[in-house]
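Peer 1: Task: produce atomic coordinates for the following.
(chains A, B and C)
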Amino acid sequence: MWQWFFKLGSPKWFYELSGKWLPWLVAAMSLLLVIGITWALLFVPPDYQQGNTIRIMYIHVPFASISLAFFPLMAVAGTITLVWRMKLADMVAKTAAPLGAWFTALALISGSIWGSDIWGTWWIWDGRLTSMLLQFFLLVGVISLRSALEDTDAAAKACAVLSIVGCINVFVIKYSVDWWNTLHQPSSPIGMAGDSANGPEIWVPLVIMIVAVYLFFAVSLILSTRNEILQRERRSKWVQELLASA
Amino acid sequence: MLAALQFSSIGEFFQMGGYAFNVWTVYVLFLLFFFVNLYFPLIRKKQIIRELKRRLILRNEVPANKHD
Amino acid sequence: MTEHTTTAAAFRATLARDLLIAYKRKNDIVNPFMFFLIVATLFPIGISPDPQRLGEIAAGVLWISALLAAMLSMDNLYRADYEDGSLEQLLLSPHPLYFMVLAKNISHWLVSGLPVVLASPLIAYMLNLPADAYFALFMTLLLGTPVLSLLGSIGVALTVGLGSRGLILAVITLPMSVPVLIAGTMAVQQTHNGAPLTGYLAILGAMLLVSITLAPLASAAALRISIN
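Peer 2: Numbers count the residues shown, from 1 in each chain, chains lettered A, B, ... in the order given. You can find the predicted model right below:
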C-alpha cells in the first residue's frame, strides 16, 4: 500500500496514468453535462415558489459544493508536502488554488443571481454568501503568497502551512458566520428550494450535474497539473524523451 | 419523453417564465468558464512544449558551435 | 553557552528582551495606539456625528480599529529580528521554538494590544456606546486582541523573508480574524439586548486557548520555512 502511495507521488507515473485516464474522464464529463444541462433546462418542472429560477440551482449547487472541497484538498496536499516532501502534492496544491478561486467566484455569482429575485437585490449578507466570499479572500491570500515567494521549495512549504491554517479557519468562519447570520436572518433560496426538492425529478438531475461538475473539476485540475509537471520536471530524462518523440 | 417538456415553444423556453436574464446569465457564465478552463490549459501545454523543445535544440546546438 | 539554561528561562529572557526593545524604541508602543485613536476618530467624521447612530456602530468601530491597529503593528514582530540576524539565533537555540514564538507574541500583545484595550472605554465613551455594553466590550477586547496577535503572527512569519510585503500580510491575515470579530461584536450587541455575557466570553476564551496552543506551532513552522 505504501509503495503505491509513493509511486503516486512520482510525477512521471502520474503524468502517464493521467494521460490514459483523461479521455475517459472527458467522455464521462461531456456525457453527464449534456444530459444534466438538457434535463435541468428542459424537463425539470418549475418550482411553485421560484418558478424557472430553480434551474439556476443546477449550476449553483454543484459549484458551491465543490468550492467547499478546495481548502480540505489543499490542506491534505500541504500535509503531504510537509511530511513526505512529495513534489506532486505541491503541484496539485499550486494548480488547485487559482482553480478554487474561480470555482468559488462562480458559486458566488450564481448564488447572488439566484437570490436576486427573492431578495430583490444582487447582494445580501446571507450566511452562505458571506462565508463563501471570505473563503475566496483566503484563496486569494494563498495565491498571492505563492506568487510573492520566488523559491519554489519555500513557496511550496509556506503555502502548505497557510493552506492547513486556512482550512481550519474556513470551518471556524463557516460556523461563526452561520451563527452571526441566524441573528440577522435573511431567507436563502437554497433553503426554500430544499423544501420542495423531494421528488426524483428534482434531485436526479441535480446529482447528475454535481457528478459532472466534479468530473470537470478533476479534468481541469489534471490538465493544469500536467502542465506544471512538464515545467518543473523539464530537466528530467523522461520529459526530454517525451519532447523528442512529440 | 416529449410530454415531460416544460416549454411549449422555443420562445417560451428563451423567456424562462420571465426569468430569462437570471437563468441565461448563469448558464452562459458556466459555459464560458467551462470552455475557458479547458482551453487555456491546452494552449498552455502547447506553449510549454514549444518552449522546452526550443531550449532542447539550443542546448544541443551550443556545444557544436563552440568549435567555430 | 557555558551554563545550561532552562526553557522557562529562555522564554523569560526572550519576553524581557522584546519588551525592553519596545520600551527603548517608544514608537512601537505609541504608534499602534495612535493609529487606533485616529481610525476610531475617522468613523464619526465619515459616517455621522449623531450620537444615536454612533452608539449603534460603536462596538464594530472599536473592534475594526483594534483589528487594523494589530495588523499595522504586526510588521515589527519579526522584521527587525530578521534583519539583524537574531531571529536565526532564536531558531538555532536548543529550546522549543514554540515557546520562543509565544514569548514574542505575548510581548507584541503587551506592547500593541493592551494599550488599545485599556484605551477602549475612553473611545467608547466618545462614540456614545450604551453604558451597559462597556464591560462586555472591554472583556471581549481583552480576550480577543491576543487572538489577533497570535493569528497575525502566522502571516508575518510566512512573509518575513519577502523584500516588499505590501498588502500581502493584510490579505492573508484579515480574513482569518473574522471569527474573532464576529464573536467580539456580537457579544457587545447581544449583551446590550439583554443576553448573558458568559457564553460569549466562553467562546472567545476557547478561541484564545486554541490559538495559544496551535498558532505558535504554525508560526514556528512558518519561521523555519522562511529562514532557510
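Peer 1: list the contacts for residue 33?
Peer 2: Using chain A here. Counting by Cβ atoms under 8 Å, 6 or more residues apart in numbering or on different chains, residue A:33 touches A:209, A:212, A:216, B:34. For every residue, glycine as well, the C-beta is placed using N, CA and C.
Peer 1: you looked at the wrong chain, it should be chain B
Peer 2: By Cβ under 8 Å, 6+ apart, the residues touching residue B:33 are A:102, A:106.
Peer 1: tell me which element the residue in chain A positioned nearest to chain B is part of?
Peer 2: Closest contact between chain A and chain B, by Cβ to the nearest Cβ, is at residue A:223 (3.7 Å). Here residue A:223 sits within helix A:200-232, counting by DSSP states H and E.
Peer 1: Could you look up the next helix or strand downstream of that helix?
Peer 2: helix A:237-245.
Peer 1: secondary structure element for the spatially closest residue to residue C:99 that is not a sequence neighbour?
Peer 2: Nearest non-adjacent residue to residue C:99, counting by Cβ to Cβ, 6 or more residues apart in numbering or on different chains: residue C:11, 4.7 Å away. Here residue C:11 is covered by helix C:7-25, with elements defined by DSSP H and E.
Peer 1: on that earlier part again, residue B:13: which of the contacts of residue A:33 is nearest?
Peer 2: Closest approach between these and residue B:13, by Cβ to Cβ: residue A:209, at 18.7 Å.
Peer 1: ok and the helix holding residue A:223 relative to helix A:237-245, angle-wise?
Peer 2: Here the directions of helix A:200-232 and helix A:237-245 differ by 90 degrees (axes from the mean of the first three to the mean of the last three Cα atoms, to 10 degrees).
Peer 1: which residues touch the residue nearest to the spatial centre of chain C?
Peer 2: Nearest to the mean C-alpha position of chain C, by Cα atoms, centre = their mean, lies residue C:149 at 3.1 Å. Contacts for residue C:149 were tallied using Cβ under 8 Å, 6+ apart; they are C:70, C:74, C:105, C:108, C:109, C:112, C:113.
Peer 1: Identify the residues contacting residue A:163.
Peer 2: Shown in contact with residue A:163 (Cβ under 8 Å, 6+ apart): A:71, A:74, A:75, A:77, A:78, A:93, A:142.
Peer 1: Run through chain C and note the low-pLDDT ranges.
Peer 2: Along chain C, segments meeting pLDDT under 70 span C:1-3, C:166.
Peer 1: for chain A, what are the nearby residues on it?
Peer 2: Contact residues (Cβ under 8 Å from any Cβ of the partner chain) of chain C with chain A: C:154, C:158-159, C:161-162, C:165, C:168, C:171-172, C:174-176, C:178-179, C:182-183, C:186, C:190, C:214, C:218, C:221-222, C:225-226, C:228.
Peer 1: Mark which of those residues are buried, thanks.
Peer 2: Buried residues within the residues of chain C next to chain A, counting neighbours by 16 or more other Cβ atoms under 10 Å in any protein chain shown: C:154, C:158-159, C:161-162, C:165, C:168, C:171-172, C:174-176, C:178-179, C:182-183, C:186, C:190, C:214, C:218, C:221-222, C:225-226.
Peer 1: what separates residue B:6 from chain C, distance-wise?
Peer 2: 41 Å (Cβ to the nearest Cβ, to the nearest Å).
Peer 1: Residue A:178 now?
Peer 2: Distance from residue A:178 to chain C, by Cβ to the nearest Cβ: 10 Å.
Peer 1: That residue: what's it in contact with?
Peer 2: Residue A:178 touches A:127, A:131, counting by Cβ under 8 Å, 6+ apart.
Peer 1: then stretch A:226-244 to CSV, C-alphas only?
Peer 2: Backbone C-alpha positions of stretch A:226-244 (Å, rounded to 0.1, in the frame of the first residue of the first chain) are rendered in CSV as follows:
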residue,chain,number,x,y,z
ARG,A,226,0.3,18.1,-16.1
ASN,A,227,1.5,21.4,-17.4
GLU,A,228,3.1,22.1,-14.0
ILE,A,229,4.8,18.7,-14.2
LEU,A,230,6.2,19.4,-17.6
GLN,A,231,7.6,22.7,-16.4
ARG,A,232,9.1,21.6,-13.2
GLU,A,233,10.4,18.3,-14.5
ARG,A,234,11.8,19.7,-17.7
ARG,A,235,15.3,18.7,-16.8
SER,A,236,14.4,15.1,-16.1
LYS,A,237,15.2,12.4,-18.6
TRP,A,238,11.6,11.3,-19.2
VAL,A,239,10.4,14.8,-20.2
GLN,A,240,13.4,15.1,-22.6
GLU,A,241,12.4,11.8,-24.2
LEU,A,242,8.8,12.9,-24.3
LEU,A,243,9.8,16.1,-26.1
ALA,A,244,12.0,14.3,-28.5
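Peer 1: Give me the contacts around that stretch.
Peer 2: In contact with stretch A:226-244 (Cβ under 8 Å, 6+ apart) are residues A:11-12, A:14-15, A:18-19, A:87-88, A:91, A:94-95, A:152, B:41, B:44-45, B:48-49, B:52-53, B:55-56.
Peer 1: Try it again at 6 Å.
Peer 2: A:11, A:12, A:15, A:91, A:95, B:41, B:44, B:45, B:48, B:52, B:53, B:56 (Cβ atoms under 6 Å, 6 or more residues apart in numbering or on different chains).
Peer 1: Any figure for the gap between the nearest residue to the first one once chain neighbours are set aside and residue A:223?
Peer 2: When you say that, I think you mean residue A:11. Closest residue to residue A:11 apart from its sequence neighbours, by Cβ to Cβ, 6+ apart: residue A:229 at 4.5 Å. Separation of residue A:229 from residue A:223 (Cβ to Cβ, to the nearest Å): 11 Å.
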